[in-house]
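# A predicted structure for the sequence below; I have some questions about it.
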Amino acid sequence: MAPGVSRATAREVVLNIHSALALLVAATASPASPPPAAQPVPDRAREAVVKALAAASDVPGQARNLVALAWPNGPRDEVVSARARRELGNFGDHSMVALREALNAVKTGYTEEVVTTTLQAQSNCRVELAPQFVANIIDALWVGSHGAKVLAIQDLSLDPNALAVHPMIDSAIDDPSLVPIVVGALGAMRFPQARFYLEKVMMEGPPEVRPAAATALAQIGGAALGPLKNALKAPSKDARLLAARVLLPVATEYDLGAIYEYLDKHGDDDASLTESLKAIAASIEKAIAAREASAAADSLKN
């Protein structure tokens, strides 16, 4: 130990030297190796779809293989099923036959998904082939679950087809909870053959649905106004008032006889309604007179 240097000072010098050496070693050491790159997680849904497509020799076969993935007979992989349904929707009209087969074969609980997929495929199909999907949608009215039938009825009300009228009515008879939506759809579709069912609902159906049935008859017009005119003679005052109120804004000269008969026999049902009916009858009479006068004047000129 050097003269005049205390033991504490010497110890401090030694510690500083050790610290400096440690820092030097750390600085010159080789850098740590980066962690290994994470391996990509296999996309089992994509792999299952690719395998299903590759296993078929033609497009219809591919669609059927996708159906088997989407709605298997046994337990299903929900992720794979969702991917298969998306692919079927993208197939457009090429999936039409397979989807119809599926609708009539899968578990009832799956039918709402089949209809949803069918509507997606319809939006992606060639325009000239779009009407062919109507058969698929009508089938849902026979074999679908409640949800599947609701989807079908909503779609048919936007794209009317006369072939759907009776299956739609049968659906409502089988499942009374569908009556309100069926009644609204029949009015929107405007096919006269629905008038007999709508008349029954208007006269005998649940009270809360009767006004909708009467309105649907008015929407259809023509021969469908017959039940409204018949209801003007009903024993029930409520039925007469409902029919009169709905007929009022759509009445034509062909309805004058029924209106005058109602006014004669039941004019005291509702004073305000009676005045409105008299006013519309007078307006129609005036229009008839003007038309006849014009026709007479034209006849004289000729």
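Received it, and whenever you're ready, just let me know what you need. Numbering: from 1, shown residues only.

# where's Arg245, which helix or strand?
Secondary structure from DSSP states H and E places Arg245 in helix 237-247.

# would you tell me what the next helix or strand after that helix is?
helix 256-266.

# buried ones in the longest helix that the chain contains?
The longest helix of the chain (DSSP state H) is helix 271-301. For helix 271-301, a neighbour-count test (16 or more other CB atoms under 10 Å) marks Leu273, Thr274, Leu277, Ile280, Ala281, Ile284 as buried. Where C-beta positions appear, they are placed from N, C-alpha and C, glycine not excepted.

# before we move on, what about stretch 222-242?
Residues of stretch 222-242 classed as buried by neighbour count (16+ other CB under 10 Å): 224-229, 231-232, 234, 239-242.

# can you check stretch 69-80 too?
Of all the residues in stretch 69-80, those buried under the rule 16+ other CB under 10 Å are Leu69, Ala70, Trp71, Pro72, Arg76, Val80.

# where does the second one fall, phi/psi-wise?
Recorded main-chain torsions at Ala70 are phi -70, psi -40, according to degrees, to the nearest 10.

# do you know the pLDDT at it?
What the model reports as pLDDT for Ala70 is 97.

# which residue, other than its chain neighbours, is closest to it?
The shortest distance from Ala70 to any non-neighbouring residue, by CB to CB, 6 or more residues apart in numbering, is to Ala84 (4.0 Å).

# kindly report the same for the fourth one.
Counting by CB to CB, 6+ apart, the nearest residue to Pro72 once its immediate chain neighbours are dropped is Ser81, at 7.9 Å.

# count the neighbours of the one you found for me.
19 (other CB atoms under 10 Å).

# give the contact list for it.
Residues near Ser81 by CB atoms under 8 Å, 6 or more residues apart in numbering: Leu69, Ala70, Trp71, Pro72.

# mind checking which of these land in helices?
Secondary structure defined by DSSP H assigns Leu69, Ala70 of the contacts of Ser81 to helices.

# closest one of the contacts of Ser81 to Met203?
Of all those, the one sitting nearest Met203 is Trp71; the distance, using CB to CB, is 42.1 Å.

# what's near enough to touch the closest one?
Ser81, Ala102, Val106, Lys107, Tyr110, Glu113, Val114.

# tell me both backbone torsions, phi and psi, for it.
phi -130, psi 70.

# any idea how far it lies from Ala121?
Look at Trp71 and Ala121: by CB to CB, to the nearest Å, they are 14 Å apart.

# related to what we said a few turns ago, which of the contacts of Trp71 fall in helices?
Using DSSP H, Ser81, Ala102, Glu113, Val114 are the members of the contacts of Trp71 that sit in helices.
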